[in-house]
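Undergrad: Need coordinates for the below:
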Amino acid sequence: RKMVNTIRNNVLQNYKNNLSDENVSLISALTIGDKTNLEKNVIQEFRDASLSHILAISGAHFSYIILLISFINKIIKRKRLGQVSLIIVILFFMQLTGNTASVVRAGIMGIMVILASMLYRKNDFITTFSISLLIQIIYNPYVIFDIGLILSYFGTFGIVYFYQMINQRIKLKILSVTLSANLLIFPIMIYNFNTFSISFVISNFFASIILGPIIILGIISNIFRIRIVFVLLNFLLTIFRKIVSICSKLPFSKIYVTTPNFFAIIIYYVFLIAIWKMWKN
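TA: Presented below is the predicted three-dimensional model:
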């Protein structure tokens, strides 16, 4: 933990030395989960743009790290060494970002997928999904009340089971992922926050395009401290902040509703299951 804290402080200092003040807090939140210096108006803009989930380290962030490590692994052509290295990197990243519920979920599921490949076994989503949740509940039973955990698991479930159905009709991967995740978290959002957004599709579409390069450059900038990397990172972060600001002011970006009763939520999920069953058949 002492080593991780030292590295965490070095990363923060590196950002402070090379990026503009307004972008330091944003890249810190996106790469190491440090939101302490994010201004309240920035956090509110992310909420109004339906992009607050981006500020929470989750599976999307892990996927970019895995992509980067996998690319390096292809260059060195050592598959087994790359897989072991990836597990170590994931465990380290979990600790670096504070072991939040969404991070642990993504980390455990990612490690189990890698282990399945190493043992020449077929990965089973329900198994990895259930074990990751079980480990968290054993460690802290009260985590089931964590809204971050609930949104993370329901969003993942939505992507796995509804992505193909939606993508067959839309034919746009980024949009299909966004819609499939929001299908399952929609009732949870309005139950807990009494708001929903119609323009979330637009904001998530543009945010998804630029988020990947930002996270990858954010990681690279701490390995190879080259000036051009920081210039490009600074530029992308400024554009990202502008996108969030514009999307937060879009019409219907925040619609207030009353809290739905529990019966209505059950009916909603029964209806979703019925649609999925019809599509599968």
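Undergrad: So what's the residue count around residue 114?
TA: By other C-beta atoms under 10 Å, the residues close to residue 114 number 18. Bear in mind the C-beta positions are built from the backbone N, C-alpha and C, glycine included.
Undergrad: So it sits against residue 83, correct?
TA: Yes: contact status for residue 114 versus residue 83: in contact at 5.2 Å, counting by C-beta atoms under 8 Å.
Undergrad: Which residue ranges of this structure form strands?
TA: Assigned by DSSP state E, the strands in the chain fall at 195-196, 255-256.
Undergrad: Out of these, flag the one nearest residue 281.
TA: With C-beta to C-beta as the criterion, residue 281 lies closest to strand 195-196 of these, at 30.2 Å.
Undergrad: Go ahead and name everything in contact with that closest one.
TA: With C-beta atoms under 8 Å, 6 or more residues apart in numbering as the test, strand 195-196 has contacts from 186, 189, 190, 254, 255, 256, 257.
Undergrad: Just the buried residues from those residues, in PyMOL please.
TA: The following PyMOL line selects those of those that are buried, judged by 16 or more other C-beta atoms under 10 Å:
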select buried, resi 186+189+190+254
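Undergrad: Sort the contacts of strand 195-196 by pLDDT and name the bottom one.
TA: Across these, no position has a lower pLDDT than residue 254, which has 76.
Undergrad: any idea how far that one lies from residue 160?
TA: 28 Å (C-beta to C-beta, to the nearest Å).
Undergrad: likewise residue 85?
TA: Separation of residue 85 from residue 160 (C-beta to C-beta): 26 Å.
Undergrad: do residue 36 as well
TA: 33 Å.
Undergrad: ditto for residue 113
TA: Distance, residue 113 to residue 160, by C-beta to C-beta: 12 Å.
Undergrad: repeat for residue 68
TA: According to C-beta to C-beta, residue 68 stands 23 Å off from residue 160.
Undergrad: Who has more neighbours out of those two?
TA: Remark: of residue 68 and residue 160, residue 68 carries more neighbours, 17 against 14, as counted by other C-beta under 10 Å.
Undergrad: Contacts only, for the more buried one.
TA: Listed by C-beta under 8 Å, 6+ apart, the contact partners of residue 68 are 216, 219, 220.
Undergrad: doesn't residue 65 make contact with the second one?
TA: It stands for residue 219. Yes: between residue 219 and residue 65 there is a contact under C-beta under 8 Å: 6.8 Å.
Undergrad: looking at this protein, which helix or strand is least sure?
TA: Every helix and strand in the chain was compared by mean pLDDT, DSSP states H and E; the lowest is helix 59-76, with a mean of 70.
Undergrad: chain center to that one, what's the gap?
TA: Here helix 59-76 shows a centroid-to-chain-centroid distance of 15 Å under the convention C-alpha atoms, centre = their mean, to the nearest Å.
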